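**Student:** Return a 3D structure for these sequence lines:
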Amino acid sequence: MLSAEWRWLAILNYEIEPALLAPLIPPGTEFDLWQGRCVISIVGFRFLRTRMWGLSLLGHGDFDEINLRFYVRREAPDGERRGVVFIKEIVPRRAVVWVARTLYGENYHWLPIEHEVRPEPGGRVEYRFKSNGAWGRMGVTPYGLVEPLVAGSEAEFTVEHYWGYTKRGACTSEYQVDHPCWRVASVRDAVLEGDLAGLYGPDFAAVLSGPPASALLAEGSAVTVGAGHCLDLAETVPNHGYREENA
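**Tutor:** Okay, here's the model as predicted:
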């Protein structure tokens, strides 16, 4: 349904109390934890060469995105599926907002966004957003080259989720995201500042105002995103919540 490239993903991870996310978790899924901790991530990246059903988006194929997300999983008939739930997604293209809300039911919003992408060691990957008349920013400074993911690492946990889940009324929509395993770089520092309360509300802003628990830079790749479909909840785990063990 959708193909694109997701490039130079600056990812900042924050520990959060599961109770703050409980109203957002789609029925049929449960929290996916990192070493027993519930995590949210703010991610800024370049969305490039976007096509829908093989067709270009007439001048809207390249843009930046900043999203806030958390991690879930569900037991499907063919095994465990690990996925992402988006709390809010920001892009600088109003047409993209309409398409994403209409086709996927995602919580997309429009804001001006600018980028600085210099992913070499000592460079900077930063995404700047304008909210309530003031510019904010999020980004990282890499200090090493991109390398393959280390099995069992927090970086692997963060990027190795290949499903999206969305609450759409009484329906939990599921869609698949396909891409090769990404390479990642360690970062020297990370920054997130701006109108966080206006964008995400006071509870999330309180979490995001502190230092991140971790941060990384992912190189990204070409991706494909399938069409969403409503789950048959009779074939999923019957309750929400989370298990203590990490996947």
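**Student:** would you say residue 103 is within a helix?
**Tutor:** Yes. Membership of residue 103 in a helix is supported by DSSP: H, G, I helix; E, B strand; the rest coil.
**Student:** Please verify my assumption that it contacts residue 228.
**Tutor:** Yes. With contact defined as C-beta atoms under 8 Å, residue 103 reaches residue 228; the gap is 7.4 Å. Where C-beta positions appear, they are placed from N, C-alpha and C, glycine not excepted.
**Student:** of these two, who's got more company?
**Tutor:** Between residue 103 and residue 228, counted using other C-beta atoms under 10 Å, residue 228 has the larger neighbour count: 21 against 15.
**Student:** give the contact list for the more buried one.
**Tutor:** Neighbouring residues of residue 228 by C-beta atoms under 8 Å, 6 or more residues apart in numbering: 103, 104, 105, 164, 166, 168, 173, 174, 175.
**Student:** Distance check, it against residue 197.
**Tutor:** Separation of residue 228 from residue 197 (C-beta to C-beta, to the nearest Å) stands at 30 Å.
**Student:** helix/strand/coil for the residue most central in space within the chain?
**Tutor:** Geometric centre of the chain, nearest residue: residue 69, 4.8 Å, by C-alpha atoms, centre = their mean. Three-state call for residue 69 (three-state DSSP): strand.
**Student:** again, but for residue 100
**Tutor:** helix.
**Student:** And it, how close does it get to residue 109?
**Tutor:** 10 Å.
**Student:** Repeat that for residue 194.
**Tutor:** 14 Å.
**Student:** Of those two, give the one with the bigger neighbour count.
**Tutor:** Taking neighbours as other C-beta under 10 Å, residue 194 and residue 109 compare with residue 194 leading, 20 against 15.
**Student:** give the contact list for the more buried one.
**Tutor:** Residue 194 neighbours (C-beta under 8 Å, 6+ apart): 129, 131, 134, 135, 136, 137, 138.
**Student:** could you dump those residues to JSON lines with pLDDT and neighbour count?
**Tutor:** Shown next, in JSON lines, are the contacts of residue 194 (pLDDT from 0 to 100; neighbours: other C-beta atoms under 10 Å):
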{"residue": "129", "pLDDT": "98", "neighbour count": "21"}
{"residue": "131", "pLDDT": "96", "neighbour count": "17"}
{"residue": "134", "pLDDT": "96", "neighbour count": "10"}
{"residue": "135", "pLDDT": "98", "neighbour count": "14"}
{"residue": "136", "pLDDT": "98", "neighbour count": "20"}
{"residue": "137", "pLDDT": "98", "neighbour count": "16"}
{"residue": "138", "pLDDT": "98", "neighbour count": "25"}
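**Student:** Sweet, I'm off.
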